[in-house]
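S.K.: Build me a model:
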Amino acid sequence: MSEHNETHRPPDAGTPPSELEKNLTYLQLPFLLDHYTELAQQAAQHHWPHVDYLSELIAGEAAAKRDRSTLRRIQRARFPTLKTLDSFQWNWPKKINRLQIQHLARLSFLKHSSNVIFLGGVGLGKTHLASALGYLACLKGYSVLFAPAVDVINTLSAAKTTGRLKSELRKYAAPALLILDELGYLPIDKLGADLLFQVISLRYEKASMIITSNRAFSDWPHIFNNDATLTSAILDRVLHHAETVVIEGKSYRMKDQIED
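M.R.: Numbering: from 1, shown residues only. The predicted structure is shown next:
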């Protein structure tokens, strides 16, 4: 073998020194620990310079770390189920603007701290689409939290009684994207409306929300205990920087009965 190849020979691909294994474990570099011997063999076969061998190892470790971070974001988002735009039944709703949703999938609304509101009857895929956009956000490095509106209210109500309201509010204010699902499916009392208003106010012009609701905006006073003033304040903040997606049709969950 030439002097050039001997100069750039990668580390021996034999049994790794235990000290190296200990150091890689201590530094939390699992990809290097699992693959450096295999890559060393490839490097020897193809006569890679040391820098190329090291570059391959670091690239693999970086990719593995990105994958782990993405998985953690998805887990912390608390999606009820993972959904994608590709799995959505586009031909079922009577009315849906597919191009509008595909534009939203570019996630530019997150960069501008804008909101997205999905309006439509039950069983038309609002939660599916909201979750799919949230999943894309996780893949792009954004922190996401999915929460039914009633769960947010119940959690904050319990926190208020135990003096933990501020810390719980921070949990809903912190993510880059908060998905408030099923707003309007159940009536909200004055305390719940006030608590939800605090969440919306904390996020206003700072971070994005996706809201799904089965009620038109004109019906929102009925959601918020018929408090016209509070409803106006909520709508003002939600809609100031927002895009509304209206979906019309029959419930997909009733598809079999409808087709029989």
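S.K.: does residue 163 sit in a helix or strand, and which one?
M.R.: Per DSSP states H and E, residue 163 falls between elements, in no helix or strand.
S.K.: no, scratch that, I was asking about residue 127
M.R.: helix 126-139.
S.K.: elements contacting that helix?
M.R.: helix 50-77, strand 115-120, strand 144-148, strand 177-183, strand 208-213 (3 or more Cβ pairs under 8 Å, 6 or more residues apart in numbering; DSSP states H and E). Where you see a C-beta, it was placed from the backbone N, CA and C, and this is true even at glycine.
S.K.: Could I get these in a markdown table, plus columns for mean pLDDT, distance to residue 249 and mean neighbour count?
M.R.: Below are the helices and strands packed on helix 126-139 laid out as a markdown table (pLDDT from 0 to 100; distance: least, Cβ to Cβ, whole Å; neighbours: other Cβ atoms under 10 Å):
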| stretch | mean pLDDT | distance to residue 249 | mean neighbour count |
| --- | --- | --- | --- |
| helix 50-77 | 90 | 27 | 14 |
| strand 115-120 | 97 | 8 | 23 |
| strand 144-148 | 98 | 22 | 21 |
| strand 177-183 | 97 | 18 | 25 |
| strand 208-213 | 98 | 15 | 25 |
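S.K.: TSV for these, including distance to residue 189?
M.R.: Listed next are the helices and strands packed on helix 126-139 as TSV, based on distance: least, Cβ to Cβ, whole Å:
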stretch	distance to residue 189
helix 50-77	28
strand 115-120	22
strand 144-148	16
strand 177-183	14
strand 208-213	18
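S.K.: Figure out which of those is closest to residue 248.
M.R.: Closest to residue 248 of these is strand 115-120 (Cβ to Cβ; 6.3 Å).
S.K.: which helices and strands sit right next to the closest one?
M.R.: Counting contacts by 3+ Cβ pairs under 8 Å, 6+ apart, strand 115-120 packs against helix 126-139, strand 208-213, helix 228-239, strand 242-247.
S.K.: Make CSV from those and add distance to residue 193 to it.
M.R.: Shown next, in CSV, are the helices and strands packed on strand 115-120 (distance: least, Cβ to Cβ, whole Å):
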stretch, distance to residue 193
helix 126-139, 21
strand 208-213, 14
helix 228-239, 6
strand 242-247, 19
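S.K.: To residue 191, which of the ones you listed lies closest?
M.R.: Closest among those, using Cβ to Cβ: helix 228-239, at 11.5 Å.
S.K.: re the thing from before, any idea how far the helix holding residue 127 is from the chain center?
M.R.: 6 Å (Cα atoms, centre = their mean, to the nearest Å).
S.K.: what angle do that helix and strand 115-120 make?
M.R.: 150 degrees (axes from the mean of the first three to the mean of the last three Cα atoms, to 10 degrees).
S.K.: quick one: average confidence on helix 126-139?
M.R.: For helix 126-139, mean pLDDT is 98.
S.K.: neighbouring contacts of that helix?
M.R.: For helix 126-139, contacts defined as Cβ atoms under 8 Å, 6 or more residues apart in numbering pick out 70, 73-74, 77, 79-85, 87-88, 101, 104-105, 107, 110, 116, 118-120, 144, 146, 176-177, 179, 181-182, 210, 212-214, 245, 247.
S.K.: Can you give me the buried ones in it?
M.R.: 126-138 (16 or more other Cβ atoms under 10 Å).
S.K.: could those be laid out in TSV, adding distance to residue 152?
M.R.: What follows is the buried residues of helix 126-139, written out as TSV (distance: Cβ to Cβ, whole Å):
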residue	distance to residue 152
126	17
127	15
128	20
129	20
130	14
131	16
132	21
133	18
134	15
135	20
136	22
137	19
138	19
